[in-house]
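[1] got a predicted structure here, sequence first:
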Protein chains: 2
Amino acid sequence: MPALHQPTRRERQREATYDEIVRVATELLTDGAELSLRAVAARMGMTAPALYRYVANYQELVDLVAFELDKAATQGFIEAASRYPADDPAAQLCAACVAFRRWALSKPREFALVFANPIISEDSDRRELLTLSTSGHYFTDLLYQIWERTGFPFPALDDLDPIVRDAVLNPLIPAKAEHIATADRGLLWVYMRSWSALYGVVTLESTGHCDPRIIQSAALFKATMVDWLEPLGLVGDDKARLVALLDAEIARG
Amino acid sequence: MPALHQPTRRERQREATYDEIVRVATELLTDGAELSLRAVAARMGMTAPALYRYVANYQELVDLVAFELDKAATQGFIEAASRYPADDPAAQLCAACVAFRRWALSKPREFALVFANPIISEDSDRRELLTLSTSGHYFTDLLYQIWERTGFPFPALDDLDPIVRDAVLNPLIPAKAEHIATADRGLLWVYMRSWSALYGVVTLESTGHCDPRIIQSAALFKATMVDWLEPLGLVGDDKARLVALLDAEIARG
DNA sequence: CATTCTGGTTAACGCTGTTAACGGTAAACG
DNA sequence: CGTTTACCGTTAACAGCGTTAACCAGAATG
């Protein structure tokens, strides 16, 4: 098969219905309905078995939708960040994180689908899709930009656990790492650590496994964010500025 | 109805089958099967509608099982901790946390059921059951015991966000707080913050949303644990001792 | 002894994912 | 151009799910 292939009529049609499947499925979820093959098919005016020409099984549909939701959500994060100048990645990261939290709180089902959806390690297809995660790439990139400016410390490759070193040199997680010099891959360790912290609070809040008042006052989230400013080299006036920015972003309707 | 009521024959029978339902349901889950009313009923030699004499709906069964799993898992944490002296709560906490992680990794489905099971805030029944969470009580208690010894700093009530102050004075989250003096309730803030950090790593690892190699080397988990030693007043020799202890516990088959 | 309440049954509804067998139509080929 | 093939949809059906309604035996209660 040729590498560059002008799409034939059938291929275009196929891709169109494929896209429609994913679109309708996400709509279904947004409308508060249950995500099911039959419901998707019905909304498209088709019968359920027809979908098996496009997806192998239900789980694959879920994964596709999760990927799509992640992409759409990330677009929202980017918009939130874009209200700050491009040469201020720290401000952009703060805004993006607040947007991430807001999204997780307002769409808990979608959040659970994307970020709490259990992944069996054997299934390589799902891993690949996870690796492509858009939000992961975006956050990594912001962190990298911050480092370019503040030069915050990160572990040298030799200081890392050999297994971890493998992981940061040839990452499986969603991270935009190609453009990070090999010697600087210790940055990904900082990324993983900070992501783990953010993930903890936001998942706790989104799934409702904490006091509703803690969610209402964004105190736990804010404290976690503030704690991560200094390790990223954001100190002094910069820190004060970002803390105020966080407050403002959290207060936004 | 009398407050103290000697259980009649029928009541005993009822409670027996009630217990059997929960027991069989957890067994089902442990056997790798799907948790369903029909499966539980079948395994008990009953028909599914009969279960509605005991549980209101499927979700209630799930919640009951989650509570039971949490109780059983906590028993495991206690056992792991009991290998260290009772007057060394820091060592016990480290051991319990490692056991918690091991449990989350070896039984991801159970973990997701207990700790990632979304909770709709309106549903007060589920909230109540969550508040009773055994593991939460246990971890809070260990943290309190550590504070009794190290006296690590915690925010005064006046320094807390008023909403958070309400939350720590009259907690809805699973925490053994009755015996903590009102003025010392800021301790719960430390508990929430450290729990959020632990929850983040462990959930990330258990759901598979991170590089498998990161899981294999427990580096992310260990780093998170180590970072929380100093805030708990565990410094110097104590810290070194506990880091070594962590390594040993992680290495345990 | 008569009544009521409890804890089970069967039947049924509407939903789910999934497979098998079939058919029409569009593309590809001789 | 005619024939074949492959694609994309259909219907029918299976096994399973949560849940409700109607019913019924038996135990506890008056």
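    Cool, the structure landed. Residues are numbered from 1 along each chain as shown, chains lettered A, B, ... in the order given.
[2] what strand or helix carries the closest residue to chain B within chain A?
    Residue nearest to chain B within chain A: A:Gly200 (2.2 Å; CB to the nearest CB). C-beta here means a position set from N, CA and C on the backbone, and glycine is covered the same way. Using DSSP states H and E, A:Gly200 falls within helix A:187-207.
[3] could you do A:Asp237 as well?
    Counting by DSSP H and E, A:Asp237 is found in helix A:236-251.
[4] pLDDT wise, what is the nearest residue to the residue of chain A closest to chain B once chain neighbours are set aside at?
    The shortest distance from A:Gly200 to any residue other than its chain neighbours is 2.2 Å, reached at B:Gly200 (CB to CB, 6 or more residues apart in numbering or on different chains). The confidence metric pLDDT takes the value 98 at B:Gly200.
[5] touching, B:Gly200 and A:Ala197? I think so.
    Yes. Taking contacts as CB atoms under 8 Å, B:Gly200 lies within contact range of A:Ala197: 5.7 Å.
[6] pick out whichever of those two has more residues nearby.
    Neighbour count, other CB atoms under 10 Å in any protein chain shown: between B:Gly200 and A:Ala197, B:Gly200 has more, with 24 against 20.
[7] who are the contact partners of that one?
    A:Ser196, A:Ala197, A:Leu198, A:Tyr199, A:Gly200, A:Val201, A:Thr203, A:Leu204, B:Thr224 (CB atoms under 8 Å, 6 or more residues apart in numbering or on different chains).
[8] just for the stretch 151-253 of chain A, where's the confidence low?
    Within the stretch 151-253 of chain A, no stretch has pLDDT under 70.
[9] residue of it nearest DNA strand C, please.
    A:Thr207 (22.6 Å; CB to the nearest atom of the strand).
[10] who's in contact with that residue?
    Contacts of A:Thr207 (CB under 8 Å, 6+ apart): A:Pro108, A:Ala112, A:Ala116, B:Ala116, B:Asn117, B:Pro118, B:Ile119.
[11] could you check the pLDDT of the closest residue to the third one other than its chain neighbours?
    In space, and not counting its chain neighbours, A:Ala116 is closest to B:Ala116: 5.0 Å by CB to CB, 6+ apart. At B:Ala116 the predicted local distance difference test score is 90.
[12] B:Ala116 and B:Leu204 touch, don't they?
    No. Counting by CB under 8 Å, B:Ala116 stays clear of B:Leu204, with 11.0 Å between them.
[13] neighbours of the closest residue to DNA strand D within the stretch 151-253 of chain A, how many?
    Distances between the stretch 151-253 of chain A and DNA strand D by CB to the nearest atom of the strand are smallest at A:Gly208, namely 19.2 Å. Using other CB under 10 Å, A:Gly208 is surrounded by 20 other residues.
[14] need phi/psi at it.
    phi 80, psi 10 (degrees, to the nearest 10).
[15] picking up where we left off before, could I get the buried residue list for the helix holding A:Asp237?
    Residues of helix A:236-251 classed as buried: A:Asp238, A:Lys239, A:Arg241, A:Leu242, A:Val243, A:Leu245, A:Leu246, A:Glu249, A:Ile250 (neighbour count, 16 or more other CB atoms under 10 Å in any protein chain shown).
[16] just stretch A:206-224 next, same as before
    So, applying 16+ other CB under 10 Å, buried residues of stretch A:206-224: A:206-211, A:213-215, A:217-224.
[17] the residue of the stretch 151-253 of chain A closest to DNA strand C and B:Val114, how far apart?
    Per CB to CB, to the nearest Å, A:Thr207 is found 11 Å from B:Val114.
[18] from the chain's centroid, how far away is the host helix or strand of A:Val62?
    Assigned by DSSP H and E, A:Val62 belongs to helix A:58-81. Distance, stretch centre to chain centre, for helix A:58-81: 8 Å (CA atoms, centre = their mean, to the nearest Å).
[19] still on that earlier bit, identify, from the contacts of A:Thr207, the entry nearest to DNA strand C.
    Using CB to the nearest atom of the strand, A:Ala112 is the member of the contacts of A:Thr207 that lies nearest DNA strand C, at 16.7 Å.
[20] okay, now the closest residue to A:Trp195 other than its chain neighbours: neighbour count?
    Computed as CB to CB, 6+ apart, the closest residue to A:Trp195 that is not its neighbour in sequence is A:Phe139, at 6.8 Å. Using other CB under 10 Å as the criterion, A:Phe139 is surrounded by 24 other residues.
[21] hmm, A:Pro89 and A:Phe139 touching each other?
    No. Here A:Phe139 lies out of contact with A:Pro89, judged by CB under 8 Å, at a distance of 10.8 Å.
[22] hmm, back to that, next, the angle helix B:187-207 makes with the helix holding A:Gly200.
    Interaxial angle of helix A:187-207 relative to helix B:187-207 (axes from the mean of the first three to the mean of the last three CA atoms, to 10 degrees): 110 degrees.
[23] helix or strand right after helix A:187-207?
    Once the chain leaves helix A:187-207, the next helix or strand it forms, by DSSP H and E, is helix A:212-216.
[24] shouldn't A:Ile163 be in contact with B:Pro212?
    No. Judged on CB under 8 Å, A:Ile163 makes no contact with B:Pro212 at a distance of 9.7 Å.
[25] what number of residues lie near the nearest residue to A:Asn117 once chain neighbours are set aside?
    Nearest non-adjacent residue to A:Asn117, counting by CB to CB, 6+ apart: A:Ala66, 6.0 Å away. Residues lying near A:Ala66 (other CB under 10 Å) number 22.
[26] report the contact partners of A:Ala66.
    By CB under 8 Å, 6+ apart, the neighbours of A:Ala66 are A:Leu113, A:Val114, A:Asn117, A:Leu129.
[27] neighbours of A:Lys107, how many?
    Neighbours of A:Lys107 using other CB under 10 Å come to 17.
[28] what sits against it?
    Contacts of A:Lys107 by CB under 8 Å, 6+ apart are A:Thr30.
[29] gap between it and DNA strand C?
    20 Å (CB to the nearest atom of the strand, to the nearest Å).
[30] that residue and A:Leu28: what is the separation?
    Distance, A:Lys107 to A:Leu28, by CB to CB: 13 Å.
[31] repeat for A:Cys210
    29 Å.
[32] what's the residue nearest to A:Val164 when sequence neighbours are not counted in contact with, if anything?
    Closest residue to A:Val164 apart from its sequence neighbours, by CB to CB, 6+ apart: B:Ala219 at 4.9 Å. Neighbouring residues of B:Ala219 by CB under 8 Å, 6+ apart: A:Leu160, A:Asp161, A:Ile163, A:Val164.
[33] next, the angle helix A:187-207 makes with the host helix or strand of the third one.
    Taking DSSP H and E as the criterion, the element that holds A:Ile163 is helix A:162-169. Following the same axes, to 10 degrees, one obtains 90 degrees for the angle between helix A:162-169 and helix A:187-207.
[34] neighbours around A:Arg252, how many?
    Here the number of neighbours of A:Arg252 (other CB under 10 Å) works out to 11.
[35] thinking A:Ser135 is in contact with A:Ala73, fair?
    Yes. Assessed by CB under 8 Å, A:Ser135 is found in contact with A:Ala73 at 6.4 Å.
[36] which residues do the two both contact?
    A:Phe100.
[37] now for the residue nearest to A:Ala116, how many residues are close by?
    Neighbour tally, B:Ala116, other CB under 10 Å: 23.
[38] residues contacting the residue most central in space within chain A?
    For chain A, A:Ser135 is the residue whose C-alpha lies nearest the centre (CA atoms, centre = their mean; 2.9 Å). A:Ser135 makes contacts with A:Asp70, A:Ala73, A:Thr74, A:Phe77, A:Phe100, A:Pro174, as judged by CB under 8 Å, 6+ apart.
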